[in-house]
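Trainee: Please work out how this folds:
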Amino acid sequence: MDLLIRINKFLNKVLTLTGGAFLIAMILLTCANIFIRQFYIPIRGTFELMGYAGAVVTAFALGYTQFTNGHISVDVVVNRYPKPVKRLIRLINHGVCSFFFFIAAWQVVQKALTLKNAGELSETLRIIYYPFTLAVALGCFVLSLALFTDFLKVVFPQKAGAK
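Mentor: Presented below is the predicted three-dimensional model:
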């Protein structure tokens, strides 16, 4: 279990740093586009690049947010249930969500491979964009791993003083 948590932590750290780099690039591109637009024509393909980078930033943040319990949860009703029912609900929730995002990652990989085999290019800049699709799949897979880790934490709870 500790190994899985360490792998999860490492993957989420790498993806968060990469997503942060993409976010900084988005900020710089936006500022450059605003500045250049005052004197010349806007930077070509900005909207396209922002869309791809935004997808990467969002996908790479999913697993980290789950790993750090940063997602919003509305548990007004669930808080009234007894502990065994709460545990069962968490077990079902983490299990179903982990499975769902694993299937989503797999389907997005299939879509990326279809785009690659078809030789699809972006409309404005004519760049290949299946790598961005694969990045989204990676984000979904890491989220699935984080949810699976949470599932295992519910199945095998650790004692308060145990490491």
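Trainee: all contacts plus neighbour counts: C-alpha atoms, from now on.
Mentor: OK.
Trainee: Output the below-cut-off pLDDT ranges for the chain.
Mentor: For the chain, the stretches with pLDDT under 70 are 159-163.
Trainee: hmm, 80 instead?
Mentor: Within the chain, the stretches with pLDDT under 80 are 1, 71-76, 158-163.
Trainee: Now do the helices in it.
Mentor: With DSSP state H, the ranges of helices along the chain come out as 2-39, 46-67, 83-118, 130-155.
Trainee: Off-centre distance for the last one?
Mentor: Per C-alpha atoms, centre = their mean, to the nearest Å, the displacement of helix 130-155 from the mean C-alpha position of its chain is 7 Å.
Trainee: So which elements touch it?
Mentor: With contacts taken as 3 or more C-alpha pairs under 8 Å, 6 or more residues apart in numbering; DSSP states H and E, helix 130-155 sits against helix 2-39, helix 46-67, helix 83-118.
Trainee: Quick check: buried residues in that helix?
Mentor: Neighbour counts over helix 130-155 (16 or more other C-alpha atoms under 10 Å) mark 130-152, 154 as buried.
Trainee: the inter-axis angle of it versus helix 2-39?
Mentor: Per axes from the mean of the first three to the mean of the last three C-alpha atoms, to 10 degrees, the angle that helix 130-155 makes with helix 2-39 is 140 degrees.
Trainee: now helix 130-155 and helix 46-67, what's the angle there?
Mentor: For helix 130-155 against helix 46-67, the angle by the same axes, to 10 degrees is 10 degrees.
Trainee: List the contacts of V77.
Mentor: V77 sits next to no residue when contact means C-alpha atoms under 8 Å, 6 or more residues apart in numbering.
Trainee: typo on my end, F141
Mentor: F101, F102, A105 are the contacts of F141 under C-alpha under 8 Å, 6+ apart.
Trainee: which one of these has the most neighbours?
Mentor: Greatest neighbour count in the contacts of F141, by other C-alpha atoms under 10 Å, goes to A105: 24 neighbours.
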